[in-house]
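In: okay, here's the prediction I keep looking at, along with the sequence it came from:
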Amino acid sequence: MADPVIWWVRKDLRLGDNAALRAALDAKGPVVPVFILDEVFGGYAAAPLWRFGLGVAKLAETLEAMGSRLILRRGRATDVLLDLCRETGATAVRWSRAYDPEQVARDKSVKTALEGAGMDAKSLPGHLLFEPWAVKTKDGGFYKVYSPFWRAVRDTAVAAPLSRPDAIPAPKAWPESDTLGAWGLERAMERGARVVARHVCVGEKAALARLERFVRDRIEGYKARRDFPAEDATSKLSENLAWGEIGPRACWRAAMAAMAEGKSGAEHFLKELVWREFAYHLVWHTPHIVSGNWREGWDSFPWSEDEDAPEVLAWKQGRTGEPFVDAAMREMYVTGHMHNRARMIVASYLTKHLMCHWRIGQRWFEHCLIDWDPASNAMGWQWTAGSGPDAAPYFRVFNPATQLEKFDPEGTYRRRWIAEGEARPTETALSYFDAIPERWGLSSGRAYPKAVVDLAEGRARALAAYEARDF
């Protein structure tokens, strides 16, 4: 029998359409799946770390049912993998490719060390539809604007998803493994984990079922209804794509089939998949986007960076006095998710009406979202703030009051998430008080707050600052 191969599991928590797993199986030897709580994953914020742990547990359960195992180790990735190669006799390591700078730096270090030790180390695609370096402008550069990027890839052939293996050969003896419970990945979530747990959709099987339901029941009206936050009109697959419980090729193929059937919303769904691709295209070519202003000159823009300011706390707590902003923030605390239209509203309010730096919002979303994605989060915040690629025009300041009138005309979304002032608050609105930190000292009996800032005054102040830019 061939030597064992280590399948290094990362954000690819699935067995189907997994090129790294397939490459490990092609070696015809035993496969040792391993997940490492390493220098990257160990630094994740509360909600992503907890949610990733749920996905890891589900994958471990699936592997056990197939007669395999998921070995859990904690430590620096290079050290753990070298140790496992020695323990198991493995001569090859396979993993799914990453594109954000933190993971790229880790992976380069790992590959250098493994190859230096005589190992066959290789990364495989699978996180994206199109490798970032493969999509080029006519002059061989990279795209900086979404629309031409979409036109460049929309007719590109995308291979069918790889099939799910029927079996994974096991080694004669398994190496020792940590237990997931001992890692305490839920600790930073505090009591919020119990609330958010009611709203998660974990694992490959659940993700594929979610895609099937969306294409069957909602993709037809996706373009027309996706901006109405009270409606169940979106796929919510961002949660599963973030952790690789479903691959983008499965989503692409299903949407292409729906488009062929004449379902009118299918093309717009494909565009949203490509928006995710565009984010990673930019992260690969301009990695500074995840931590700093993408456009030159914006470092001098007069955003406040005071995270302890009263208005920032009000924004974080969902108590700004603007129902659309507050409802959206509370939705995030209860479900770990926020509607896309709402994300734009809360980001515009923070960066423009409150004139606070987009990095404050970026970090808070990273702390709270179960579908947190480093590329989409960074690009989304900078798109709204004006410092990023494809940025919204500086004079576009979303008015949360008129946006709520337009996209929640019956007040359903507002009532779903805001309890104060309601004679009979909804269960979801009351759940907010169970999910938030106790130290905030909030209860449904308090009065709904007055507006932190007058919308007209906030807009005028933002426009004045944007118009006064000297770059």
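Out: Cool, the structure landed. Numbers count the residues shown, from 1 in each chain.
In: when you work out contacts or count neighbours from here on, use the C-alpha atoms and nothing else.
Out: Will do.
In: low-confidence stretches in this protein?
Out: Scanning the chain for pLDDT under 70 picks out no residues.
In: domain parsing for it?
Out: Taking automatic domain parsing as the criterion, the chain consists of the domains 1-125, 128-160+191-285, 298-467.
In: name the element the residue nearest to residue 32 when sequence neighbours are not counted belongs to?
Out: In space, and not counting its chain neighbours, residue 32 is closest to residue 6: 4.7 Å by C-alpha to C-alpha, 6 or more residues apart in numbering. For residue 6, the host element (DSSP states H and E) is strand 5-9.
In: ranges for the strands of this protein?
Out: Here the chain has its strands, by DSSP state E, at 5-9, 31-37, 71-74, 92-96, 120-124.
In: residue 471 and residue 396: what is the separation?
Out: 19 Å (C-alpha to C-alpha, to the nearest Å).
In: oh sorry, the question was meant for residue 201
Out: 35 Å.
In: just residue 289 next, same as before
Out: Following C-alpha to C-alpha, the distance that separates residue 289 from residue 396 is 21 Å.
In: neighbour count for these two, which is higher?
Out: residue 289 (24 against 15; other C-alpha atoms under 10 Å).
In: that one contacts residue 378, doesn't it?
Out: Yes: with contact defined as C-alpha atoms under 8 Å, residue 289 counts as touching residue 378 (6.5 Å).
In: shared neighbours of these two, which are they?
Out: Counting by C-alpha atoms under 8 Å, 6 or more residues apart in numbering, no residue touches both residue 289 and residue 378.
In: returning to that earlier point: which strands border the strand holding residue 6, and is each parallel or antiparallel?
Out: strand 31-37 (parallel), strand 92-96 (parallel) (DSSP bridges).
In: can you tell which of those strands is closest to residue 172?
Out: strand 31-37 (10.6 Å; C-alpha to C-alpha).
In: list the buried residues in that closest one.
Out: Judged by neighbour count using 16 or more other C-alpha atoms under 10 Å, the buried positions of strand 31-37 are 31-37.
In: what residues does that strand touch?
Out: 4-10, 24-25, 56, 69-75, 77, 80, 168-171.
In: just to revisit the earlier point, adding distance to residue 222, write the strands of the chain out as a markdown table.
Out: Shown next, in a markdown table, are the strands of the chain (distance: least, C-alpha to C-alpha, whole Å):
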| stretch | distance to residue 222 |
| --- | --- |
| strand 5-9 | 33 |
| strand 31-37 | 36 |
| strand 71-74 | 40 |
| strand 92-96 | 31 |
| strand 120-124 | 32 |
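In: residues contacting residue 47?
Out: Shown in contact with residue 47 (C-alpha under 8 Å, 6+ apart): 188-189, 336, 366-370.
In: buried stuff in stretch 69-82?
Out: Here stretch 69-82 shows 69-74, 76-78, 80-82 as buried, counting by 16+ other C-alpha under 10 Å.
In: out of those, flag the one nearest to residue 97.
Out: residue 77 (14.6 Å).
In: the closest one contacts residue 39, correct?
Out: Yes: using C-alpha under 8 Å, residue 77 is in contact with residue 39, at 7.1 Å.
In: circling back to that earlier point, and the angle for the strand holding residue 6 with strand 120-124?
Out: In terms of direction (axes from the mean of the first three to the mean of the last three C-alpha atoms, to 10 degrees), strand 5-9 departs from strand 120-124 by 40 degrees.
In: how about strand 5-9 as CSV, C-alpha atoms only?
Out: Extracted in CSV, the C-alpha atoms of strand 5-9 (Å, rounded to 0.1, in the frame of the first residue of the first chain):
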residue,chain,number,x,y,z
VAL,A,5,-1.3,11.2,2.8
ILE,A,6,-2.5,14.0,5.2
TRP,A,7,-5.5,15.9,4.1
TRP,A,8,-5.1,19.2,5.9
VAL,A,9,-8.7,20.4,6.4
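In: returning to that earlier point: and of the domains of the chain, who's closest to residue 178?
Out: Short answer: domain 1-125, nearest of these by C-alpha to C-alpha, at 5.1 Å.
In: quick check: end-to-end length of that closest one?
Out: 27 Å.
In: distance between that domain and the chain's centre?
Out: For domain 1-125, the separation from the chain centroid amounts to 20 Å (computed by C-alpha atoms, centre = their mean, to the nearest Å).
In: cool, stretch 196-203 as well?
Out: Stretch 196-203 has its C-alpha centroid displaced from the chain centroid by 14 Å (C-alpha atoms, centre = their mean).
In: contacts only, for residue 332.
Out: Contacts of residue 332 by C-alpha under 8 Å, 6+ apart are 338, 368-369.
In: so which of these comes closest to residue 205?
Out: The closest of these, once distances to residue 205 are taken by C-alpha to C-alpha, is residue 369, at 21.5 Å.
In: ok, that closest one to residue 106 distance?
Out: Noted for residue 369: a distance of 24 Å to residue 106, by C-alpha to C-alpha.
In: which of those two has more neighbours?
Out: More crowded of residue 369 and residue 106, by other C-alpha under 10 Å: residue 369, with 22 against 17.
In: hmm, the more buried one is touching residue 339, no?
Out: No: here residue 369 lies out of contact with residue 339, judged by C-alpha under 8 Å, at a distance of 11.2 Å.
In: neighbours of residue 136, how many?
Out: 14.
In: I meant residue 38, not that one.
Out: Neighbours of residue 38 under the rule other C-alpha under 10 Å: 17.
In: for it, what are its contacts?
Out: By C-alpha under 8 Å, 6+ apart, the contact list for residue 38 reads 74-77.
In: out of those, the closest to residue 193 would be?
Out: residue 74 (22.4 Å).
In: please name the bridge partners of that closest one.
Out: Bridge pairing for residue 74 - DSSP bridges - gives residue 37.
In: that one contacts residue 84, doesn't it?
Out: No: in this structure, residue 74 is not within contact of residue 84 by C-alpha under 8 Å, at 11.8 Å.
In: which residues touch the residue nearest to residue 350 when sequence neighbours are not counted?
Out: Of all residues not flanking residue 350 in the chain, residue 356 sits nearest, at 5.6 Å (C-alpha to C-alpha, 6+ apart). Applying C-alpha under 8 Å, 6+ apart, we find residue 356 in contact with 303-306, 312, 350.
In: equivalent analysis for residue 293, please.
Out: Contacts for residue 293 (C-alpha under 8 Å, 6+ apart) come out as 299, 382, 387-388.
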